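Trainee: Structure here, sequence nowhere to be found:
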């Protein structure tokens, strides 16, 4: 039988995913497991992590796939800058067995439910709060990465921005600013962490659990704002993260999955 050069690119690799308990991160975890990777998921609450592992282990599998499903979890709270680095270091020590089993890839899709405030109500504290998970956390992960990841172009760190960084919607100035900053961060880290590859995925309107409270009118306006006339699915954009891991020659790149939003 011919060697499965492409399907097996991630087989046996160790992938740490932040934000895997829902939405895009969950889809990336699911796709990574289907690719034969050993997956570690991290979030702020153990109950949600346990539920996610149950979902991942219960996902349908190809009958011909006899590889064991390996998925672990570790709690890590990123909401407080005063404890963030300590929490991340403890996470990295645990998931690498004290650096004995280094990581091959890190995916960062974590976010928080930041309320959108009118311009007149924005404060410096609010602006700083918006940066904690979106910008500071991936930067601190990058600081620790050389100690806990294989120093090779076969390793990668992929962060997440958003289409608002390029084409902002009204009232999204702060999120747009940090989305653009995340893309700049990916490029800078690609230089500083070389040969480890660093990229950024920029999703458009992806129908995740965060959309559950939106009205049909709002959802329809999002559909019409794309060329595909539908919302993206988590399993659609998950392919961009898999590509960033699999292509050992892509680094410092922004990968767009937005249904043509930038052309409307």
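Mentor: Alright, I've got the coordinates. Keep in mind it's a predicted model, so treat the numbers as computed, not measured.
Trainee: Strands along the protein, start to end?
Mentor: Applying DSSP state E to the chain gives strands spanning 14-18, 38-43, 71-75, 105-108, 156-160, 197-203, 254-257.
Trainee: Run the angle between the third one and strand 14-18 for me.
Mentor: Pointing back at strand 71-75 there. Counting by axes from the mean of the first three to the mean of the last three CA atoms, to 10 degrees, strand 71-75 lies at 40 degrees to strand 14-18.
Trainee: got the residue ranges for the helices in the stretch 51-200 of the chain?
Mentor: Here the stretch 51-200 of the chain has its helices, by DSSP state H, counting those that start in this stretch, at 81-95, 124-131, 137-148, 173-192.
Trainee: In TSV, list these along with mean pLDDT and distance to residue 55.
Mentor: Using the backbone N, CA and C atoms, a C-beta is placed for each residue, glycine as well. As requested, those are exported to TSV (pLDDT from 0 to 100; distance: least, CB to CB, whole Å):
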stretch	mean pLDDT	distance to residue 55
helix 81-95	97	20
helix 124-131	94	29
helix 137-148	98	24
helix 173-192	97	27
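Trainee: Need those in a markdown table (columns: mean neighbour count and distance to residue 56).
Mentor: Output for the helices of the stretch 51-200 of the chain, formatted as a markdown table (neighbours: other CB atoms under 10 Å; distance: least, CB to CB, whole Å):
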| stretch | mean neighbour count | distance to residue 56 |
| --- | --- | --- |
| helix 81-95 | 16 | 16 |
| helix 124-131 | 13 | 30 |
| helix 137-148 | 19 | 22 |
| helix 173-192 | 19 | 26 |
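Trainee: Output those helices in TSV; the columns should cover distance to residue 156.
Mentor: Below are those laid out as TSV (distance: least, CB to CB, whole Å):
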stretch	distance to residue 156
helix 81-95	16
helix 124-131	24
helix 137-148	10
helix 173-192	10
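Trainee: Let me see the contact set for the nearest residue to residue 187 once chain neighbours are set aside.
Mentor: Residue nearest to residue 187 in three dimensions, not counting chain neighbours: residue 252, with 4.8 Å by CB to CB, 6 or more residues apart in numbering. By CB atoms under 8 Å, 6 or more residues apart in numbering, the contact set of residue 252 is 186-187, 190-191, 198-199.
Trainee: any weak-confidence spans in the protein?
Mentor: Scanning the chain for pLDDT under 70 picks out the ranges 1-3, 59-67.
Trainee: okay, which residue is most central for the protein?
Mentor: Taking CA atoms, centre = their mean as the criterion, residue 109 is the residue nearest the geometric centre of the chain, at 2.5 Å.
Trainee: From residue 201, how far off is that residue?
Mentor: 8 Å (CB to CB, to the nearest Å).
Trainee: what do the two both touch?
Mentor: Common contacts of residue 109 and residue 201 (CB under 8 Å, 6+ apart): 160, 241.
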